[in-house]
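Undergrad: no sequence on this one, just coordinates:
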């Protein structure tokens, strides 16, 4: 779960009361009835309060939980990575080598980590909606909403001293005030070596079976002392059992479960296949470039890694959307939802046409979506040139009339990026432009207007060399000069990249406007209507899309069908040693010395990682897996490849959360890390 | 590789010189050039002769090899299963418990196992084709071919004393006389317990990663003594290395690599999805029936197992055909092949239209294929009734005019089946007919002519109960009486199953005739043309479809992309213990006591199973994996799930042969089976 991908194209129609095990539920509206019906277990207020107060949000993007009365906070190695990095020195690489503070004095401060505990929540929907309804125009309503939210937050902070955030749920169906206790003195206590935390590396990322000790421990301090709290999860060293009902309490980042079937089909049939065609071509170009020299290989390395990672995530999503069972689930949900809307004349009038409008927009988008992917040059220099050409024109306009990306609030980071002195490798630029234009030609044909402008009868490699060799935009000073010179300077420039960007600019503007008018605005309006419709139909009988706020998931420890057979509910340390030996211990399947040498000390049958049907997504990393007694039995660190489609649809058959088993953490701390005091603190 | 599925619907256009690692090559035409080009390794006549003479065909359906100078023959436990069964007694279950003869005196005779060693081959194409060409009509040609083949075989047997078979290669492009040394005194020496030979059971069957000791050893005797032979494969206890060039010498059963793209698309888009719909429905019906009582569960068990197994194999094939890369490979091959045919006016005239004719036939088939699957009652009793109704009519006709299945040569086994006293469970019959008719209704609609006849306005469950409760066909005597009474008795019968069969008979005949005239005859003619065309274009630069005769495959030990990550080139004993513990040692993931108790004796990092790119298929079970030195380094026992499409297309990216590593066999024999004398014989 290290790399999660979001799509600008995608807006938002999951609908139906959620089936068993589905949902990321708010703590004020937990799925008590569903859990009773399926599992004959009753969530109590005490359990909910205890788990909520033991759950922690790490504001650099993850979740965690208190596991001792003295502020010990458990999360993932990959969540702690940033803080480990910031404490590392040329002498000490704490990411790679791990860290263990045997005494509190040795614990290392995190320079900029804020963690939050959700103390209380309050429904402020009435207050926000009244204020908004009093306003007339959409602009006034926007301002009124912003104003009342700021006011509520300010009042609350002044009254309680707590961090106070108003959050929007159910696409505006509800507004809630969340009050957090905020801690900023958070110290690193323990992290294992990265190679055992992230065993299997990039290939195994997003997959299962897995063998990762992806854990880290912080300690939360207040006033220079470890906090003293009864709100921690008791450590259960036996860990999760097969088929056990288990809960996940954490902060899922975002989901798009309201996307309509038409939107998903558009993703499946157009966007994702085209996107993958581009990625595969880019990767092939970069690999060929890499092969030409070691220096080239180094220049291309990061991009190849990033593109490959995106390719894998997109393949997973596409594969999910291509699964007939998953699409049928979505279809059934949508039909039920539409029938419910159509059955109420008022709803039908207000919302009933949204599906058709979105579907019509997707049809239109299909006719021109290829231009997004294949009117492209894959060039940093060409990108800089286009930004300069557009910048000098846009900043002369009132803020509201500018192209996306050129609003006042965005200019600082735009300039930061535009004037970046990061080196641009001209050989690689030529290779990339050549590769991109060859792909464009193949996909769009030689009579495509974009290609007629760019190529002007020449071949891709000729044009690439002419553009890159002729430009001086690799020099940040040249860029600055054009920006400072404004429209006149840009108009007068003979830099071939700028000349080309000027020629392409009208076409680019036309495309953006066409997509906005015909597709994006329709999707946005439709999405809002469907959000309201869903709230009207289902109210709080379902759960809101994820918003990086505290949610509760539930499910059972359970394998799933995979690879023609069954993925097991759990793995063991045996599997770690197997997979490493299978690949002759070659990276990323190498064992850290502690594990290679310590094999005989371990009980190899100890459960290591496990999967459950809990509905999670990026942001849930580090979440505790909790049993019915409120004890911690596992630690979420990833989802399986089949869960990548979970952004849109939850599929109980194969969507699984992947967690580290507490038995493995206990065994490793005891036998390999000699972490006696830690175990004592965990009650072991 | 225990269950291989063949389709009557499928006839046979792979084409193109085979790409690297593809092909099941005859020993007289090995891919020397391809191996030199890719691997810089030269196959010598000595190597080929040695491997051929050490390779053995087991005539109950498998392959094997000699591994000692004293006739020790290595194959799979699942190939030896039949002979282990036949030696088992109420006291000794040799399949389950394994067997080890510590002395030659203890070796157990196989009651009916013949094994063959290919001694020589001779091209008899000229002789066969001359004889055939001398005849005029197709019938005379058929007879002439049969006669000349019998004559060649007889002459050879008389001259050499060897078993002599004329085999047809390249769809009649070549005829070869294969002479085999035949052994019938074959004794069982060693077999491990089934649960470690077939660890993971049905779920893991057809998959990888695997952990199976699927081996068995026979000894071949002649004149009451073990044979003495220099033609054995030297045992290499290190076994196959990653990326090593390895060969497989064995007897692949059958392939359909000549099927055209149109045929594959028809399978992908019509046959397989409909077939799977039927299987899933049948399984659901039987599961629901099972749940009603333990007796019902027992009645349904075998059918559920068989249907589930077919479902898995079909899912694998469908998934292969749905893979765009695989279909593109096929498309490229076909385009190249067609272009080559079209470039030669003579070939074009003779063969050039075959693809279009087959494609047109598949289009026609699409319009009526659903009737094959959804004009069905899933009933043994209804099947018996239809057989009786057709039997009494068909046997009055000349043999050549009868429906398929009613030819003189088929009548004995037809009657054997028809009069079988095997019990028919009436409750299950009612459940199955009800389930089948409900599915038919869903797929074909209520106005379908078949359903109008069968249902006559009643509901599926009413009709099912009425038919099953009213018939007496569960009694074999009742069937006999009808058969003996002939057409008159059948016409007079008021048994509801017979009445219904009489009503359905004309429709059934019409369907069979329509399919024969419009589809099957076209496919057969087209298939023969394409076979000849392929031989004309490529001659012996490619390999013939598999014919359960000796073939050589080549490739490398190599993992493949799977499950979002990489399948390793090999597994180790660690993995066996992991997978067993992952499932809490529940069957079929239980460890046999010898392995459970002997864990500490084993070097767990020993390679256990491995995969290679060698092109194999059912029938190759038990084949040796041989290195460049002619040593045995592994033992084929299965293909991965991605290889199921290998019937039609070989895909180097993910099609893998799965083998037991010699290192694992050595380690297990030494540490767990205490098989000192065997190891000594193997030179260890």
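TA: Here it is on my side, so go on. Nothing here was measured: the structure is a model prediction, and the numbers come from that model. Numbering: from 1, shown residues only, chains lettered A, B, ... in the order given.

Undergrad: doesn't residue A:567 make contact with residue A:559?
TA: Yes - with contact defined as Cβ atoms under 8 Å, residue A:559 counts as touching residue A:567 (4.8 Å). (Glycine included, C-beta is placed from N, CA and C.)

Undergrad: mind listing the shared neighbours of the two?
TA: Both residue A:559 and residue A:567 are contacted by residue A:611, under the criterion Cβ atoms under 8 Å, 6 or more residues apart in numbering or on different chains.

Undergrad: how does chain A divide into domains?
TA: A:32-114+A:184-256+A:545-681, A:261-529 (automatic domain parsing).

Undergrad: export those domains to a markdown table and tack on mean pLDDT, distance to residue B:421 and mean neighbour count?
TA: Formatted as a markdown table, the domains of chain A follow (pLDDT from 0 to 100; distance: least, Cβ to Cβ, whole Å; neighbours: other Cβ atoms under 10 Å in any protein chain shown):
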| stretch | mean pLDDT | distance to residue B:421 | mean neighbour count |
| --- | --- | --- | --- |
| domain A:32-114+A:184-256+A:545-681 | 96 | 38 | 21 |
| domain A:261-529 | 93 | 42 | 17 |
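
Undergrad: got those as a markdown table, with distance to residue B:652 columns?
TA: Compiled in a markdown table, these are given as follows (distance: least, Cβ to Cβ, whole Å):
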| stretch | distance to residue B:652 |
| --- | --- |
| domain A:32-114+A:184-256+A:545-681 | 19 |
| domain A:261-529 | 18 |
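
Undergrad: for those domains, which one sits closest to chain B?
TA: Distance to chain B, taken as Cβ to the nearest Cβ, is lowest for domain A:32-114+A:184-256+A:545-681 among the domains of chain A, at 3.3 Å.

Undergrad: does any bit of the closest one sit next to chain B?
TA: Yes - interface with chain B: domain A:32-114+A:184-256+A:545-681 contributes A:200, A:203-204, A:206-207, A:209, A:242, A:562-566, A:568-572, A:574-575, A:577-579, A:581-584, A:604-605, A:640-641 (Cβ under 8 Å from any Cβ of the partner chain).

Undergrad: could you list which of these belong to helices?
TA: A:203-204, A:574-575, A:577-579, A:581-582 (DSSP state H).

Undergrad: closest one to residue A:64 out of those residues, please.
TA: Using Cβ to Cβ, residue A:204 comes nearest to residue A:64 of these, at 22.8 Å.

Undergrad: is it true that the closest one touches residue A:214?
TA: No - using Cβ under 8 Å as the test, residue A:204 is too far from residue A:214 to be in contact (11.2 Å).

Undergrad: report the two of the ones in helices among the residues of domain A:32-114+A:184-256+A:545-681 next to chain B separated the most.
TA: A:203 and A:574 (19.9 Å).

Undergrad: OK, contacts around residue A:407?
TA: Here residue A:407 is in contact with residue A:399 (Cβ under 8 Å, 6+ apart).

Undergrad: separation between it and residue A:383?
TA: Separation of residue A:407 from residue A:383 (Cβ to Cβ, to the nearest Å) stands at 19 Å.

Undergrad: try residue A:367
TA: Applying Cβ to Cβ to residue A:367 and residue A:383 gives a distance of 26 Å.

Undergrad: swap in residue A:246?
TA: Distance from residue A:246 to residue A:383, by Cβ to Cβ: 46 Å.

Undergrad: equivalent analysis for residue A:436, please.
TA: For residue A:436, the distance to residue A:383 - Cβ to Cβ - is 12 Å.

Undergrad: now residue A:414
TA: Taken as Cβ to Cβ, the span from residue A:414 to residue A:383 is 12 Å.

Undergrad: same check, this time on residue A:317
TA: 26 Å.

Undergrad: mind listing what the nearest residue to residue A:623 once chain neighbours are set aside touches?
TA: Distances taken as Cβ to Cβ, 6 or more residues apart in numbering or on different chains put residue A:250 closest to residue A:623, at 2.8 Å, once the chain neighbours are dropped. Residues near residue A:250 by Cβ under 8 Å, 6+ apart: A:55, A:63, A:550-551, A:553, A:616, A:619-624, A:636.

Undergrad: so which of these belong to helices?
TA: Using DSSP H, none of the contacts of residue A:250 sit in helices.

Undergrad: reformat those residues as JSON lines; add distance to residue B:295.
TA: Below are these laid out as JSON lines (distance: Cβ to Cβ, whole Å):
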{"residue": "A:55", "distance to residue B:295": "51"}
{"residue": "A:63", "distance to residue B:295": "51"}
{"residue": "A:550", "distance to residue B:295": "52"}
{"residue": "A:551", "distance to residue B:295": "47"}
{"residue": "A:553", "distance to residue B:295": "41"}
{"residue": "A:616", "distance to residue B:295": "44"}
{"residue": "A:619", "distance to residue B:295": "52"}
{"residue": "A:620", "distance to residue B:295": "47"}
{"residue": "A:621", "distance to residue B:295": "51"}
{"residue": "A:622", "distance to residue B:295": "52"}
{"residue": "A:623", "distance to residue B:295": "47"}
{"residue": "A:624", "distance to residue B:295": "47"}
{"residue": "A:636", "distance to residue B:295": "45"}
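
Undergrad: show me which of the residues you listed is closest to residue A:373.
TA: Closest to residue A:373, out of all of the contacts of residue A:250 and judged by Cβ to Cβ, is residue A:619, at 28.3 Å.

Undergrad: contacts only, for the nearest residue to the closest one once chain neighbours are set aside.
TA: Spatial nearest neighbour of residue A:619, chain neighbours left out: residue A:253 (3.2 Å); criterion: Cβ to Cβ, 6+ apart. For residue A:253, the contacting residues are A:4, A:61, A:546, A:548, A:617-620, by Cβ under 8 Å, 6+ apart.
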